[in-house]
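Colleague: Fold the following.
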Amino acid sequence: MELLSKKKTGKKERPVKVLQFGEGNFLRAFVDYMIDIANEQGKFDGDIVLVKPIEFGSLDRFHEQECQYTVQLRGIVDGEAKKISRIITSVTDVVDAYGEYEKYASYAKLDSLRFIVSNTTEAGIVYDETDRIDLNPPKTYPGKLTKFLYERYTHFNGDINKGLIMLPVELIDDNGIHLKECVLKFAALWNLEEGFKTWLEEACVFTSTLVDRIVTGYPRDEAEKLCEEFGYQDNLIVTGEPFALWVIESAKDISGEFPLPDAGLPVIFTDNQKPYKQRKVRILNGAHTSFVLASYLCGNDIVLESMQDEQILSFMKSTIFDEVIPTLTLPKDELEEFAKAVITRFNNPYVKHSLLAISLNSVSKWKARCMPSFLGFIEQTKKLPEHLTFSLAALMAFYTGSEIRDKALIGNRGDEEYNILDDMAVLEFFAENSQKETKDYAHAVLSNVNFWGQDLSTLDGVEETVVSYLSDIRALGMRKAMEKHFKEN
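Modeller: Sure thing, here's the model as predicted:
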């Protein structure tokens, strides 16, 4: 079969407007996918150059296919399982920041360039005072960006119209704010002139973003079959889910220059992304954390199985709609629409999301994702949220074990062992306490301020209720305990 190429796709060359640090699956199935649609509809008219920002790895496949590739989105659309395939032509070139430094650096002088996209992992936005401007390139991503921006500033003599818009998608809170802080620190460390610092403030825009799409990557087991269906060879296929959301927070309005919503794309421009972050963490992530441990102990192994389990599905819906949504600030109809989309996503027949994988670090996850809803509900209603409270008891049941082996606490589901993975201090606590009498065990967990930031056992009715739930789980098993307490759901 013929290899995918620009000739085969009939790619139209456009001005390079976007330099993208990172050539991984997520950016290609999310940012580059959206820009491709905006180009097709005549809303953006810009190409992307991908930068490999690390020393290891190969770009051979990108060069062989001239950066043309297929994205296939798989999931439930309008109530039906669908596969949506799209050849992406928005990427025009790829460059190795280390092996092709001069070519990479030349993009700083490109008149048409306007946007910098990055996904350098959660650890990528970091300030390291040992980084140096004389390195080609500097070793950290913020160091690379600072030098790149300084060379642009110098080339265009500080032209206020030649600033760039930064669109980091790294999964950390306030990613743009932290990125800008790092760049300013490097500017100071490297004694760059005050004019550059002023240019950074006045000509450049550092946005903070929230992104949401499950990208499952290269479909190794199906690639040959997919290429036969496509009618061409593609060694860069990326698969993901149809759902997507990109929230872009900016002090300056950039929607005119980046009009993706005009192309019908799920992009929201705002001056405050926090309500959207809260919505995602509390509904989507909070739903996961609140049901997966109970679902696993009921005998399920993946999210899809859980959604096909009426008891678990009912538990999750009651948690979200009755206990989480009432504590959030966005309009109720928006929250309910998002929650329904979450349930659809969890029902994706193409995603086999392991419950044990989601269970990693469940103690800190419960604190971040569930506890704000738990406390908010109590504050608003003066009552306990039954399902979130039960999820605490389920966490204690899941984290039951006495042996730590290969950095995992060993739990038991019937005759089957499973690994409980968390920080070692957490595992050691549960190894020491989980074999105690139910009341003593529950008190030890709830009163652990290191876990929750406060003593949950002092909240009216919490300890008594958790003890009741956990006693039934231990006596009856998880499923019968859930049936007993939530039979009316």
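Colleague: hang on, Tyr485 packs against Ser391?
Modeller: To be clear, residue 485 is His; Tyr isn't right here. No: applying CB atoms under 8 Å as the test, His485 and Ser391 come out as separate, 11.9 Å apart. To be clear about C-beta, it is placed using only N, CA and C from the backbone, and glycine gets the same treatment.
Colleague: neighbour-wise, which of these two wins?
Modeller: Ser391 (26 against 20; other CB atoms under 10 Å).
Colleague: Against Ile35, how distant is that one?
Modeller: 40 Å (CB to CB, to the nearest Å).
Colleague: can you check Asn450 too?
Modeller: 45 Å.
Colleague: okay, these two: which has more neighbours?
Modeller: Neighbour totals were compared for Asn450 and Ile35, and Ile35 leads with 28 against 9 (other CB under 10 Å).
Colleague: Report the contact partners of the more buried one.
Modeller: Ile35 is in contact with Val18, Phe44, Gly46, Ile48, Ser90, Leu260, counting by CB atoms under 8 Å, 6 or more residues apart in numbering.
Colleague: In terms of distance to Gly99, which of the residues you listed ranks first?
Modeller: The closest of the contacts of Ile35 to Gly99 turns out to be Ile48 (CB to CB; 19.5 Å).
Colleague: Which elements pack onto the strand or helix carrying the closest one?
Modeller: Secondary structure from DSSP states H and E places Ile48 in strand 47-52. Helices and strands touching strand 47-52, by 3 or more CB pairs under 8 Å, 6 or more residues apart in numbering; DSSP states H and E, are strand 16-21, helix 31-40, strand 91-96.
Colleague: for it, what is the average pLDDT?
Modeller: Strand 47-52 carries an average pLDDT of 98.
Colleague: now the angle between helix 31-40 and it, please.
Modeller: Calculated by axes from the mean of the first three to the mean of the last three CA atoms, to 10 degrees, strand 47-52 forms an angle of 170 degrees with helix 31-40.
Colleague: how distant is the helix or strand just after strand 47-52 from the center of its chain?
Modeller: Using DSSP H and E, the helix or strand that follows strand 47-52 in sequence is helix 60-64. Remark: helix 60-64 is offset 27 Å from the chain centroid, using CA atoms, centre = their mean, to the nearest Å.
Colleague: So which elements touch helix 60-64?
Modeller: In this structure, helix 60-64 makes packing contacts with no helix or strand, judged by 3+ CB pairs under 8 Å, 6+ apart.
Colleague: Can you give me the buried ones in the very next helix or strand once past it?
Modeller: Note on helix 60-64: by DSSP H and E, the next helix or strand toward the C-terminus is strand 69-77. Buried residues in strand 69-77, defined by neighbour count with 16 or more other CB atoms under 10 Å: Tyr69, Thr70, Val71, Gln72, Leu73, Arg74, Gly75, Ile76.
Colleague: How about the backbone phi and psi for Leu245?
Modeller: Dihedral pair for Leu245: phi -150, psi 130, per degrees, to the nearest 10.
Colleague: burial measure for it, as a count.
Modeller: There are 19 residues near Leu245, going by other CB under 10 Å.
Colleague: surely it meets Ile268?
Modeller: Yes: counting by CB under 8 Å, Leu245 does reach Ile268; the two are 7.4 Å apart.
Colleague: Overlap in contacts, these two.
Modeller: Joint contacts of Leu245 and Ile268 (CB under 8 Å, 6+ apart) are Tyr276.
Colleague: pLDDT weak spots in the protein?
Modeller: In the predicted model of the chain, residues 488-489 satisfy pLDDT under 70.
Colleague: make it 90
Modeller: Flagging of the chain using pLDDT under 90 yields the residue ranges 121-123, 171-172, 487-489.
Colleague: For Val467, pull up the helix or strand it's in.
Modeller: Counting by DSSP H and E, the element that carries Val467 is helix 462-476.
Colleague: Would you indicate which residues of that helix are buried?
Modeller: By neighbour count on 16+ other CB under 10 Å, the buried set for helix 462-476 is Val462, Glu463, Thr465, Val466, Val467, Ser468, Tyr469, Leu470, Ser471, Asp472, Ile473, Arg474.
Colleague: repeat for stretch 474-488
Modeller: Within stretch 474-488, the residues scored as buried using 16+ other CB under 10 Å are Arg474, Gly477, Met478, Arg479, Ala481, Met482, His485.
Colleague: Out of those, list just those in helices.
Modeller: Of those, the ones assigned to helices by DSSP state H are Arg474, Met478, Arg479, Ala481, Met482, His485.
Colleague: domain assignment for this structure?
Modeller: For the chain, the structural domains run 6-270, 275-486, going by automatic domain parsing.
Colleague: Report how many residues lie close to Lys435.
Modeller: Just so we're on the same page, residue 435 is Gln rather than Lys. Neighbour tally, Gln435, other CB under 10 Å: 12.
Colleague: Does it touch Ser402 like I think?
Modeller: Yes: the pair Gln435 and Ser402 qualifies as a contact (CB under 8 Å) at a distance of 5.5 Å.
Colleague: wait, Val51 sits on Phe21?
Modeller: Yes: look at Val51 against Phe21 with CB under 8 Å: they come within range, at 4.9 Å.
Colleague: Give me the more crowded residue out of the two.
Modeller: Per other CB under 10 Å, whichever of Val51 and Phe21 has more neighbours is Val51, with 25 against 22.
Colleague: Which strand residues bridge that one?
Modeller: As for beta bridges, Val51 partners with Phe21, Val95 under DSSP bridges.
Colleague: Contacts only, for Leu395.
Modeller: Each residue near Leu395 by CB under 8 Å, 6+ apart is listed here: Leu293, Ser362, Val363, Trp366, Val445.
Colleague: I should have written Asp60 there, sorry.
Modeller: Asp60 neighbours (CB under 8 Å, 6+ apart): none.
Colleague: going forward, begin numbering at 153 instead of 1
Modeller: Right, with 153 as the first residue, what we last looked at is Asp212.
Colleague: how far away is it from Ile556?
Modeller: 43 Å.
Colleague: likewise Asn387?
Modeller: 42 Å.
Colleague: With Ile572 instead?
Modeller: Ile572 is 9 Å from Ile556, by CB to CB.
Colleague: and what of Met459?
Modeller: According to CB to CB, Met459 and Ile556 sit 32 Å apart.
Colleague: cool, and Ser514?
Modeller: Ser514 is 16 Å from Ile556, by CB to CB.
Colleague: Of those two, which one has the most company?
Modeller: Neighbours were counted for Ser514 and for Ile556 using other CB under 10 Å; Ser514 has more, 24 against 15.
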